[in-house]
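>>> model the following, please.
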Amino acid sequence: MSDYIVRATAADAQIRAFACTTKDVVETARQAHNTSPVVTAALGRLLSAGAMMGSMLKGDDDLLTLQIKGDGPMQGLMVTADSKSNVKGYAYVPDVILPANAIGKLDVAGAVGNGTLRVIRDMGLKDPYVGQTLLQTSEIAEDLTYYFATSEQVPSSVGLGVLMERNNTVKQAGGFIIQLMPFAEEAVINRLEQNLSGIMSVTAMLDAGNTPEQMLNQLLDGLKCEILETRPTAFLCNCGRPKIEKVLIGLGEKEIKEMIDEGKEIEINCQFCGKHYQFSVGELKELYRKSR
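As a prediction, the model looks like this:
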């Protein structure tokens with residue numbers, strides 16, 4: 001498989017860990033939305049996180065939504081993932097161009113700006129679980145690390161990265177999430193902190209040829225890492241024409257009638273995948289009949 005996620009434990013289940021490679025996921029998103037390099041990097045980081053967090057969901061129909069809203073020129077990001085680690089997402093403003101940051105990297109923080117991170121888990125209950133924190137660095141990985149610690153009380157380390165080619169296609173993408181269980185011993189915590197302080201960036205590890213398994217072996221060196229599962233991940237949108245028809249019907253008779261009276265074909269675009277759906281006047285009349 002090209003893009004995949006590895007789930008593991010270490011130190012006799014005192015640590016749980018996830019790592020992924022998501023080059024194809026991020027490149028699919030880039031092509032679907034024609035994103036600029038800095039937006040590709042931001043969206044790619046959140047898609048990688050969504051894929052791994054989706055694998056934490058238990059029920060087949062559970063859904064995860066990650067939403068970032070900021071006062072930067074990109075304005076925000078939206079990513080959703082299911083329990084099979086299928087992900088989709090978009091940026092509010094996909095064509096932001098910014099100069100490199102102070103260390104010569106894509107300025108994701110500048111594109112995002114100050115704002116909030118929301119995590120919504122829909123597990124089929126009456127109300128979904130919603131957690132929200134202020135963005136700390138707007139680099140996304142550090143913001144998720146802060147979210148896990150403050151909103152879910154799970155000490156975590158999150159690493160995310162996207163590396164672009166000179167032609168602005170995606171060269172590498174992926175990430176990791178390492179989490180400490182409540183019963184983690186001090187010696188385990190110290191060894192993990194030591195390992196984390198010595199690793200390269202996610203993109204450097206991937207570009208050096210490391211697989212997700214090899215990334216986890218470095219992150220969890222000396223902590224008896226045990227791989228539990230390997231699963232594929234993909235950019236997958238389930239919009240479909242029937243769902244778009246339901247959205248139109250949900251607008252009500254008045255709205256549909258106004259579209260019909262204009263006498264023109266309409267086009268609706270899916271925000272998540274960019275797919276176009278056309279409806280003729282005749283098709284709108286049929287939907288009008290169904291809406292009554």
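>>> same for the helix or strand harbouring residue 79, what does it pack against?
Using DSSP states H and E, residue 79 falls within strand 76-82. In terms of contacts (3 or more Cβ pairs under 8 Å, 6 or more residues apart in numbering; DSSP states H and E), strand 76-82 is packed against helix 37-54, strand 63-70, strand 86-91. Every residue, glycine included, has its C-beta placed from N, CA and C.
>>> which of those sits closest to residue 110?
Checking these against residue 110 by Cβ to Cβ gives helix 37-54 as the closest, at 7.8 Å.
>>> so where do the strands sit in the stretch 151-292 of the chain?
Using DSSP state E, counting those that start in this stretch, the strands of the stretch 151-292 of the chain run over 156-164, 170-180, 226-232, 234-235, 266-269, 276-279.
>>> touching the shortest one from outside, list them.
Residues outside strand 234-235 that contact it (Cβ atoms under 8 Å, 6 or more residues apart in numbering): 3, 24-26, 28-29, 32, 47, 85-88, 273.
>>> of those, buried ones?
Neighbour-count burial (16 or more other Cβ atoms under 10 Å) is assigned, among those, to 3, 24-26, 28-29, 32, 47, 85-88, 273.
>>> check contacts around the residue nearest the centre of the chain.
With distances taken as Cα atoms, centre = their mean, residue 47 lies nearest the centre of the chain, 2.3 Å away. Each residue near residue 47 by Cβ under 8 Å, 6+ apart is listed here: 22, 25, 26, 29, 79, 87, 89, 173, 235.
>>> the residue of the chain positioned farthest from its centre and residue 246, how far apart?
Centroid-distance maximum for the chain: residue 261 at 40.3 Å, with Cα atoms, centre = their mean. The gap separating residue 261 from residue 246 is 22 Å, by Cβ to Cβ, to the nearest Å.
>>> is it true that residue 113 touches residue 71?
Yes. Using Cβ atoms under 8 Å, residue 113 is in contact with residue 71, at 4.1 Å.
>>> quick one: which of the two has more around it?
residue 113 (17 against 13; other Cβ atoms under 10 Å).
>>> ok, that one - contacts?
70, 71, 72, 73, 74, 138.
>>> if we use 10 Å, what do you get?
68, 69, 70, 71, 72, 73, 74, 75, 76, 135, 138 (Cβ atoms under 10 Å, 6 or more residues apart in numbering).
>>> okay, now the fifth one: neighbour count?
Other residues near residue 72 come to 23 when the count uses other Cβ under 10 Å.
>>> how near is the closest residue to it other than its chain neighbours to residue 160?
Distances taken as Cβ to Cβ, 6 or more residues apart in numbering place residue 113 nearest to residue 72, at 2.7 Å, with adjacent residues excluded. Applying Cβ to Cβ, the value for residue 113 to residue 160 is 18 Å.
>>> repeat that for residue 181.
For residue 181, the distance to residue 160 - Cβ to Cβ - is 22 Å.
>>> which of the two has more neighbours?
Taking other Cβ under 10 Å, residue 181 and residue 160 do not tie; residue 160 has more neighbours (29 against 15).
>>> and the buried ones among the contacts of strand 234-235, which two are furthest apart?
32 and 85 (18.1 Å).
>>> which helices and strands does the one helix or strand residue 116 maps to pack with?
Under the criterion of DSSP H and E, residue 116 resides in strand 115-122. Packed against strand 115-122 by the contact rule (3 or more Cβ pairs under 10 Å, 6 or more residues apart in numbering; DSSP states H and E) you find helix 37-54, strand 63-70, strand 76-82, strand 129-134, helix 141-151.
>>> between these, which one is closest to residue 201.
With distances scored as Cβ to Cβ, the stretch of the helices and strands packed on strand 115-122 nearest to residue 201 is helix 141-151 (9.9 Å).
>>> report the angle between that closest one and strand 115-122.
Angle, helix 141-151 to strand 115-122, by axes from the mean of the first three to the mean of the last three Cα atoms, to 10 degrees: 60 degrees.
>>> export only the CA atoms of helix 141-151, formatted as PDB.
In PDB, the C-alpha atoms belonging to helix 141-151 read as follows (Å, rounded to 0.1, in the frame of the first residue of the first chain):
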ATOM      1  CA  ALA A 141       1.300  19.700  15.200                       C
ATOM      2  CA  GLU A 142       2.000  21.800  18.300                       C
ATOM      3  CA  ASP A 143      -1.600  22.900  18.500                       C
ATOM      4  CA  LEU A 144      -2.800  19.300  18.500                       C
ATOM      5  CA  THR A 145      -0.300  18.400  21.200                       C
ATOM      6  CA  TYR A 146      -1.700  21.200  23.300                       C
ATOM      7  CA  TYR A 147      -5.300  20.100  22.500                       C
ATOM      8  CA  PHE A 148      -4.700  16.500  23.600                       C
ATOM      9  CA  ALA A 149      -3.000  17.700  26.900                       C
ATOM     10  CA  THR A 150      -5.700  20.300  27.900                       C
ATOM     11  CA  SER A 151      -8.900  19.000  26.400                       C
END
